[in-house]
Every structure is written in structure tokens, then in C-alpha cells.
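S.K.: The sequence and its predicted three-dimensional model are supplied below.
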Amino acid sequence: MDELINFELPVNRSSIIKVIGVGGGGSNAVNHMYHLGIKDVNFVICNTDAQALSNSPVPLRVQLGASLTEGRGAGNKPDVGKQAAIESLDEIKDALSANTRMVFITAGMGGGTGTGAAPIIAKASKDMGILTVGIVTIPFKNEGPRRITQALDGIAEMENYVDSLLVINNEKIREMYGDLKVSEAFSKADDVLAIAAKGIAEIITVHGFINVDFADVHTVMSNSGVAIMGSATAEGENRAIQAIQNAITSPLLNDNDIKGARNILVNITSGSEEVTMDEIGQIIDFVQECSGVNADLIWGNGIDSALGRKICVTIIATGFASNSIPEVYARKREINRVNLSEAGTPSNVSKSVFEVKDKSGQEKAPGNQRALEFEVTSSDKWLHEVSKGKSQVDMNRASQRVNMIKKAQERMKEIAGTSSNAGDI
């Protein structure tokens with residue numbers, strides 16, 4: 001399989017930006033980007049599937065876990081993908097070592113190789129001091145709950161090792177293009193990944209009168225958490241406002257709301273009909289109105305003759321928590337729900353609190369018991385609601401309620417003990 005590993009790139013072709021596709025979904029997206037010809041970017045694909053690697057047009061290919069998987073893929077098992085990446089870590093680092101300052105790691109989460117290997121590759125990149133951006137997808141719902149669960153687990157792991165993470169939900173594609181054939185739907189997912197990587201990379205590589213350079217991108221994306229990104233083109237009399245509105249509200253990029261962003265980067269590219277200062281002012285004013293006064297904003301202007309009379313606006317907003325991604329937030333709520341089996345059933349909790357008796361079996365200290373009754377009863381009622389699915393809460397609130405009941409139990413035992421001792425004297 002030596003022909004699958006080719007790290008000897010001519011020096012004059014080496015770019016500071018590399019886009020790495022991991023697994024089947026990530027590799028397909030990078031193959032698509034390679035054909036698009038994103039400017040001044042080197043592409044790498046990493047996969048456990050030897051046949052998929054050999055069919056790729058991308059020159060730089062790394063077979064992951066050749067000994068572990070024997071080129072047959074990860075079998076939809078993220079642990080296998082993880083171990084395969086660990087086995088091939090030296091080859092991965094070799095691919096990253098040549099003049100690399102920024103890496104995009106793209107993967108379709110939910111399978112074996114992308115889900116398991118992408119976080120390992122991200123960690124290696126970050127440890128090398130490279131600005132590391134993850135661009136990943138959540139599967140279509142019809143791919144099944146197991147893949148979606150694995151995808152969300154993989155995203156949580158990926159978040160630990162990247163500077164910035166963009167998450168694209170494939171289900172948005174189904175909502176927008178439900179009549180597409182299956183192959184066309186997955187191709188559309190590749191398009192979205194390509195738009196995201198191309199939009200960010202060409203902010204750096206396409207130059208204009210006011211350039212956004214690597215240092216600006218580093219400022220916005222370094223250690224920035226979840227990022228949201230949109231890009232759109234428009235032409236005509238109101239092209240500036242139309243382009244920025246469409247970029248911010250792109251349904252394929254999770255209906256972005258940039259309110260609360262810490263850093264925002266805006267790149268405005270025009271063709272033969274150059275953008276005017278008034279149009280730039282309209283775009284920047286619109287972004288500031290949407291984001292609030294606390295966001296730091298960097299903007300630049302580029303020229304691309306292929307646009308003709310159109311204008312293209314790309315916006316990247318960073319500094320969001322992972323709960324800004326609806327699917328990830330829902331997953332975290334599911335994980336953090338209180339485990340009622342640990343707290344005891346509501347009836348058992350109520351019974352254990354109020355059955356406080358002395359040595360003779362008689363209930364003691366009813367006055368003090370009633371002093372705690374409202375607090376404990378309200379907690380008991382809340383537990384009933386949770387058990388019936390009427391109330392779903394995070395772990396913090398659940399822990400507070402359970403601790404409240406435990407303290408009440410302890411207090412009632414103290415009261416009973418005091419009363420019992422007094423009777424013995």
C-alpha cells in the first residue's frame with residue numbers, strides 16, 4: 001500500500017493551509033473540494049478503506065490502521081477508527097509538518113473512521129501548534145439512531161481538540177431539498193462542507209484592497225469554541241444587504257444567530273463591479289446590529305473576477321458554547337437527566353422521609369416534621385413529574401432537588417433521635 005502514502009510535495013506547492021478529509025464522508029467532501037480547486041490549499045485524505053483511498057484523485061493519501069483493519073474499513077465502530085488513527089499517527093504528523101499553519105479537519109460523524117479518527121488527528125494538529133478547525137456533519141435522521149448517537153459523541157470528543165468547530169446538520173438538507181435523490185442529497189452535503197472550508201480558506205488566500213490575513217483569522221478562531229459561518233452571493237441594486245442577510249440566515253448552517261458572538265470576521269468579495277464604500281457600510285452596520293455591541297469585528301475586501309457583477313459576503317462568528325448547536329444541546333440534556341433509580345422512586349422517597357419513629361415504633365416530633373413538609377412535598381411532586389416525563393431538567397437542578405430530600409431525611413432522623421433520647425431519660 002506504499003502508493004497510498006505520498007508526502008513528497010514540491011516546496012513551491014506547499015500551502016500554509018491544509019484540508020484533511022477523514023473517513024468516507026470527509027474524504028468524499030475533500031475529493032469534491034479538490035475538483036473545485038480552492039486556491040492555495042493542500043488536500044489530504046485519511047481513511048481505513050484502501051479501495052476508497054485508491055479511487056481518490058487527491059495526491060496526498062494516508063491509510064489509517066493498515067495493520068489493524070487490513071484496508072477493510074472500521075466497520076462502523078468508532079473505537080476501531082480511533083485505534084487506526086493512533087497506529088498511523090507518525091504518517092499523520094508527517095503530512096502536517098510541511099509549513100502547515102492552519103488545518104481544516106472535515107468528517108461525516110456517525111460512522112467508524114470519521115467519528116473515531118478525526119479527534120485523534122485534531123489533537124495531533126493542535127499539539128503541533130497548528131490552528132485547527134473542525135467541520136463536521138450530523139447524519140440524516142434516516143441513517144438511524146445509532147449513527148446519530150455516535151455522531152454526537154464524536155462531536156463532543158472533537159470539541160476537546162480543536163480551536164473552533166463548525167457543525168452542519170444534514171437533516172437541514174432533507175428539509176430544504178426533500179425531493180433530491182439519495183446520491184444528490186449526499187452530494188449536497190459535500191457542497192456545504194466545501195462552502196464552509198472554501199469560505200474560510202479564501203479569506204486568507206484571495207487578496208484585495210483591504211486584506212484579511214492569517215493573523216486576523218487566528219485571532220477570530222483560536223480557542224474560540226463553536227463557530228457559525230455563512231456565505232452568500234447577490235447581485236442587483238440591493239446586493240449588499242441581500243448577500244449579508246442570506247449569509248447570516250443560511251438554513252444549511254443551522255439558522256445562524258450571531259447574537260452573543262465574541263469575534264466576527266467578515267470578508268466582502270466583488271468582481272468586475274467593485275463594491276462601494278456605501279455597500280461595505282451597509283454590510284458592517286447590519287452585522288453589528290445583529291451581533292450586539294460586544295463583538296470584536298474584523299473585515300476585509302477581496303477581488304474575484306469570476307463573480308462578475310455579483311458580490312459575495314462570508315461571515316464567521318465564534319465564541320459560542322456547544323449548547324448553541326440544537327442537536328448537541330438536546331443530546332447533553334438527555335445525558336444530564338436525573339437518574340431516578342439513584343434517587344429512589346418518588347413514593348419511596350416520600351415514605352422514607354415521613355416514616356420517622358422512635359424505639360417504640362411511635363412517630364415523634366410531628367411539629368418539626370411539618371416544618372419540613374412543604375419543602376419535601378414540593379420535591380416529591382417534582383420527582384413525580386420527572387418520572388412521568390412532564391419535566392426534563394439538567395443535572396444541576398436535579399442534584400439540588402435530590403440533595404434537598406436527603407437533607408430533609410437526615411434532619412428528620414436527627415429530630416427523631418433527639419425525641420427518642422429525651423424519652424429514655
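M.R.: Arrived safely. Numbers count the residues shown, from 1 in each chain.
S.K.: domain parsing for this structure?
M.R.: 1-205, 222-330, 337-424 (automatic domain parsing).
S.K.: would you list the ones you listed in a markdown table and tack on mean neighbour count?
M.R.: To be clear about C-beta, it is placed using only N, CA and C from the backbone, and glycine gets the same treatment. Below are those laid out as a markdown table (neighbours: other C-beta atoms under 10 Å):
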| stretch | mean neighbour count |
| --- | --- |
| domain 1-205 | 21 |
| domain 222-330 | 18 |
| domain 337-424 | 15 |
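S.K.: closest one to residue 216 among those domains?
M.R.: domain 222-330 (5.0 Å; C-beta to C-beta).
S.K.: And for residue 219, the neighbour number?
M.R.: Neighbours of residue 219 under the rule other C-beta atoms under 10 Å: 14.
S.K.: And the helix or strand encompassing it, what's buried?
M.R.: Residue 219 is located in helix 214-221, with elements delineated by DSSP states H and E. By 16 or more other C-beta atoms under 10 Å, the buried positions in helix 214-221 come out as 216-217, 220-221.
S.K.: ok so, going back, of all the domains of the chain, which one is nearest residue 212?
M.R.: It's domain 222-330; of those, that one is closest to residue 212 (C-beta to C-beta) at 3.3 Å.
S.K.: tell me the mean pLDDT over the closest one?
M.R.: For domain 222-330, mean pLDDT is 85.
S.K.: Next: stretch 40-59.
M.R.: For stretch 40-59, the mean pLDDT works out to 94.
S.K.: Tell me where the stretch 151-300 of the chain has helices.
M.R.: Using DSSP state H, counting those that start in this stretch, the helices of the stretch 151-300 of the chain run over residues 171-176, 182-205, 214-221, 239-248, 277-291.
S.K.: sorry, back to before: now the domains of the chain in CSV, with distance to residue 212?
M.R.: Below are these laid out as CSV (distance: least, C-beta to C-beta, whole Å):
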stretch, distance to residue 212
domain 1-205, 5
domain 222-330, 3
domain 337-424, 39
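S.K.: what residues are up against residue 154?
M.R.: Applying C-beta atoms under 8 Å, 6 or more residues apart in numbering to residue 154 gives the contacts 78, 107, 109-110, 114-116, 118-119, 136.
S.K.: if you set the cut-off to 10 Å instead, what comes out?
M.R.: Taking C-beta atoms under 10 Å, 6 or more residues apart in numbering, we find residue 154 in contact with 78, 81-82, 107-111, 114-119, 136, 138.
S.K.: Specify which member of the residues you listed is nearest to residue 319.
M.R.: residue 136 (18.6 Å).
S.K.: Okay, and the closest one sits in which element?
M.R.: Per DSSP H and E: strand 131-138 holds residue 136.
S.K.: and the angle for that strand with helix 214-221?
M.R.: 50 degrees (axes from the mean of the first three to the mean of the last three C-alpha atoms, to 10 degrees).
S.K.: Direction included, what does strand 131-138 pair against?
M.R.: Sheet pairing for strand 131-138, assigned by DSSP bridges, gives strand 102-108 (parallel), strand 164-169 (parallel).
S.K.: Redo these as a markdown table? Include mean pLDDT.
M.R.: Shown next, in a markdown table, are the strands paired with strand 131-138 (pLDDT from 0 to 100):
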| stretch | mean pLDDT |
| --- | --- |
| strand 102-108 | 95 |
| strand 164-169 | 88 |
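S.K.: Would you tell me which of those strands gets closest to residue 70?
M.R.: strand 102-108 (21.8 Å).
S.K.: Can you name the element that comes right after that closest one?
M.R.: Scanning forward in sequence from strand 102-108 by DSSP H and E, the next helix or strand is helix 113-127.
S.K.: now for that next one, which elements pack on it?
M.R.: Packed against helix 113-127 by the contact rule (3 or more C-beta pairs under 10 Å, 6 or more residues apart in numbering; DSSP states H and E) you find strand 17-22, helix 23-36, strand 42-47, helix 78-87, helix 89-97, strand 102-108, strand 131-138, helix 145-159.
S.K.: nearest to residue 240, of these?
M.R.: For residue 240, the closest of those is helix 23-36, at 25.3 Å, according to C-beta to C-beta.
S.K.: what about dumping the CA coordinates of the closest one to PDB?
M.R.: Listed next in PDB are the C-alpha coordinates belonging to helix 23-36 (Å, rounded to 0.1, in the frame of the first residue of the first chain):
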ATOM      1  CA  GLY A  23     -13.300   8.600   6.800                       C
ATOM      2  CA  GLY A  24     -15.800   8.100   3.900                       C
ATOM      3  CA  GLY A  25     -17.800  11.300   4.300                       C
ATOM      4  CA  GLY A  26     -14.800  13.500   4.900                       C
ATOM      5  CA  SER A  27     -12.900  12.000   2.000                       C
ATOM      6  CA  ASN A  28     -15.800  12.500  -0.300                       C
ATOM      7  CA  ALA A  29     -16.100  16.100   0.700                       C
ATOM      8  CA  VAL A  30     -12.400  16.700   0.100                       C
ATOM      9  CA  ASN A  31     -12.500  14.900  -3.300                       C
ATOM     10  CA  HIS A  32     -15.200  17.400  -4.200                       C
ATOM     11  CA  MET A  33     -13.200  20.400  -2.900                       C
ATOM     12  CA  TYR A  34     -10.200  19.100  -4.900                       C
ATOM     13  CA  HIS A  35     -12.200  19.300  -8.100                       C
ATOM     14  CA  LEU A  36     -13.500  22.700  -7.200                       C
END
